[in-house]
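Participant: Compute the structure for the input listed below.
(2 chains)
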Protein chains: 2
Amino acid sequence: MMANGTLPHRAVVEHLVRQAVYQRLGRALPKPATGANPLVVNVSARHCHLTQEAVETLFGKGHQLTVHKWLYQEGQFAAKETLTLIGPRSRVISNLRILGPCRSLNQVELAYTDGIALGFDLPLRISGNIKGTLGCMLMGPAGFFEMAEGVIRALRHVHMSHDDASFYGVKAGDEMKLKIGGPCGLSLDKMLVRVDKSFKLEVHIDTDEGNACNLQPETPCQLIS
Amino acid sequence: MMANGTLPHRAVVEHLVRQAVYQRLGRALPKPATGANPLVVNVSARHCHLTQEAVETLFGKGHQLTVHKWLYQEGQFAAKETLTLIGPRSRVISNLRILGPCRSLNQVELAYTDGIALGFDLPLRISGNIKGTLGCMLMGPAGFFEMAEGVIRALRHVHMSHDDASFYGVKAGDEMKLKIGGPCGLSLDKMLVRVDKSFKLEVHIDTDEGNACNLQPETPCQLIS
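Facilitator: This next block holds a predicted model:
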């Protein structure tokens, strides 16, 4: 991935080349290539979002998250900082990545495979909707932070702008389907649509979903409304 | 699961009850209930199949696998015996379950999630087709056994009898689709059909596939040809 806002993302370049090639050949553009924006499908490995207060408890007073890698959505990054998560049966996940910037709530997003390893019965939730979920203990170099709630399996979702939403004929809160090809392809139902003017067209699935179909950079994907 | 051949499996009883209820109500049977046999979908966690020679190297001369749990297919069982698998980067998986009875070849079936953890680039193979795949080292209480090849991700597949094959209008080697419902449902493509007169109707998927859709005993599943 490129640093924030310097060069176009590889997916954007590929999308433009694909459109240009089809037009040069005088062939009809396949449906996924006709949109203004390329479809990017990314696998989110387990991670957490933290408040600035939690970051300071875990990493020390005044600590600011530092950028390890910029993500596809503008301004979002994987931080250099990682944590240890301690589950209800004292089982542990090390090197849990923090995504920045800080948010107004603490949330840990795990795959069901992680939940089974930890002994968590993970609820399936829309990111941000953590009321009544289980918590956990987080351990950083400067201290412990107890999350009272917020450990979830995030519902698969697609980020898009208003333009993308009109192209696909959907609105925020709708459900779409993502068809993933390849030798162990599958179609994911109930892909939640999230719309914001700042969003770039991007599907987020988790590691279980990505590994169920062995998603690779060249695997063909199609979003279906 | 029931012990081998004593009482009908719960899936069979549920299937008969469903058929009887629909008929009593005078309502048309839904497509999945019209077949002679119930559809059972089971998640295969990582496991291995071994030759008797490998079992004796690992567990001692003359050792016979012992039954931990009978599986749905007649005569197949999860053994009490487990192994430690040592991968190419010296990473380890403990408690790898052996499935019995012994076979004529050694094969380890992992999920892509396991492969990533171990540092294996797993090939997707039909069970039994292991030529040219990577091997690994297995460690048991009586010794080590080096597998020269045989570590794979098994292709998702459905076992069925000739009667089931004619009900679905498929033959051995065809591909079907499995539609799995629920709040994070999906459809698995390229479900390989395996036909044998001894087979009971059963889909085998791996833990990544099962966890991608949080498959539970009550999750509705439908096999589509």
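Participant: which residues touch the worst-scoring helix or strand of chain A on mean pLDDT?
Facilitator: Of all helical and strand segments in chain A, the minimum by mean pLDDT, DSSP states H and E falls on helix A:31-34, at a mean of 74. With Cβ atoms under 8 Å, 6 or more residues apart in numbering or on different chains as the test, helix A:31-34 has contacts from A:His15, A:Arg18, A:Gln19, A:Tyr22, A:Leu39, A:Phe167, A:Cys221, A:Gln222, A:Leu223. All C-beta spots, glycine's among them, are computed from the backbone N, C-alpha and C.
Participant: And stretch A:126-135, what's buried?
Facilitator: If you call a residue buried by 16 or more other Cβ atoms under 10 Å in any protein chain shown, then stretch A:126-135 has these buried ones: A:Ser127, A:Ile130, A:Thr133, A:Leu134.
Participant: do the same with stretch A:207-216
Facilitator: Counting neighbours by 16+ other Cβ under 10 Å, stretch A:207-216 gives A:Thr207, A:Asp208, A:Glu209, A:Gly210, A:Asn211, A:Ala212, A:Cys213, A:Asn214, A:Leu215 as buried.
Participant: Which parts of chain A are helices?
Facilitator: A:10-24, A:31-34, A:52-59, A:112-118, A:162-168, A:207-212 (DSSP state H).
Participant: any idea which of those helices is most buried?
Facilitator: helix A:207-212 (a mean of 27; mean count of other Cβ atoms under 10 Å in any protein chain shown).
Participant: Please compute how far that helix lies from its chain's middle.
Facilitator: Distance of helix A:207-212 from the chain centroid (Cα atoms, centre = their mean, to the nearest Å) equals 13 Å.
Participant: Could you list the residues in contact with it?
Facilitator: A:43-46, A:111-113, A:156, A:184, A:186, A:188, A:215, B:111-113, B:116, B:186, B:188, B:206, B:208-209, B:211-212.
Participant: Mind exporting the C-alpha coordinates of that helix to PDB?
Facilitator: Provided in PDB are the C-alpha atoms of helix A:207-212 (Å, rounded to 0.1, in the frame of the first residue of the first chain):
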ATOM      1  CA  THR A 207      -9.100 -14.000   8.200                       C
ATOM      2  CA  ASP A 208     -11.600 -16.900   8.400                       C
ATOM      3  CA  GLU A 209     -13.500 -15.600   5.300                       C
ATOM      4  CA  GLY A 210     -10.200 -14.800   3.500                       C
ATOM      5  CA  ASN A 211      -8.700 -18.200   4.200                       C
ATOM      6  CA  ALA A 212     -12.000 -20.100   3.500                       C
END
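Participant: Now do the contacts for the closest residue to A:Val92 other than its chain neighbours.
Facilitator: Among residues not flanking A:Val92 along the chain, A:Ile86 sits closest, at 5.5 Å (Cβ to Cβ, 6 or more residues apart in numbering or on different chains). Listed by Cβ under 8 Å, 6+ apart, the contact set of A:Ile86 reads A:Val92, A:Cys136, A:Met137, A:Leu138, A:Met139.
Participant: Send me the least confident helix or strand of chain A as CSV with only the CA atoms.
Facilitator: Coordinates of each C-alpha in helix A:31-34 appear next as CSV, following Å, rounded to 0.1, in the frame of the first residue of the first chain:
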residue,chain,number,x,y,z
LYS,A,31,-19.9,-5.1,-15.1
PRO,A,32,-17.3,-4.9,-12.3
ALA,A,33,-15.1,-2.6,-14.5
THR,A,34,-17.8,-0.1,-15.4
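Participant: And the residue in chain A sticking out farthest from the centre, what's its pLDDT?
Facilitator: Largest separation from the mean C-alpha position in chain A: A:Gly26, at 36.4 Å (Cα atoms, centre = their mean). Here the pLDDT value assigned to A:Gly26 is 87.
Participant: Any idea how many residues pack against the closest residue to A:Leu201 other than its chain neighbours?
Facilitator: Of all residues beyond its chain neighbours, the one nearest A:Leu201 is A:Asn37 (4.4 Å), with distances taken as Cβ to Cβ, 6+ apart. A:Asn37 is flanked by 17 other residues according to other Cβ atoms under 10 Å in any protein chain shown.
Participant: quick one, what contacts the closest residue to A:Val12 other than its chain neighbours?
Facilitator: Once flanking residues are discounted, A:Val12 sits nearest to A:Pro38: 5.7 Å by Cβ to Cβ, 6+ apart. Counting by Cβ under 8 Å, 6+ apart, A:Pro38 touches A:Ala11, A:Val12, A:Glu14, A:His15, A:Leu201.
Participant: Now do A:Pro38 against A:Asp164, distance only.
Facilitator: Relative to A:Asp164, A:Pro38 is positioned 10 Å away (Cβ to Cβ, to the nearest Å).
Participant: For the buried residues of stretch A:207-216, give me TSV that also has pLDDT.
Facilitator: Shown next, in TSV, are these (pLDDT from 0 to 100):
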residue	pLDDT
A:Thr207	98
A:Asp208	98
A:Glu209	98
A:Gly210	98
A:Asn211	98
A:Ala212	98
A:Cys213	98
A:Asn214	98
A:Leu215	97
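Participant: quick one: which of those is nearest to A:Lys179?
Facilitator: A:Cys213 (10.1 Å; Cβ to Cβ).
Participant: Go ahead and confirm the closest one touches A:Ser187.
Facilitator: No. Using Cβ atoms under 8 Å, A:Cys213 makes no contact with A:Ser187, being 9.4 Å away.
Participant: Identify the contacts common to those two.
Facilitator: With Cβ under 8 Å, 6+ apart as the test, A:Cys213 and A:Ser187 both reach A:Ile180.
Participant: among the helices of chain A, which gets the worst mean confidence?
Facilitator: Among the helices of chain A, helix A:31-34 scores lowest, with a mean of 74.
Participant: distance between it and the chain's centre?
Facilitator: For helix A:31-34 - counting by Cα atoms, centre = their mean - the centre lies 23 Å from the chain centre.
Participant: That concludes my questions; thank you for your assistance.
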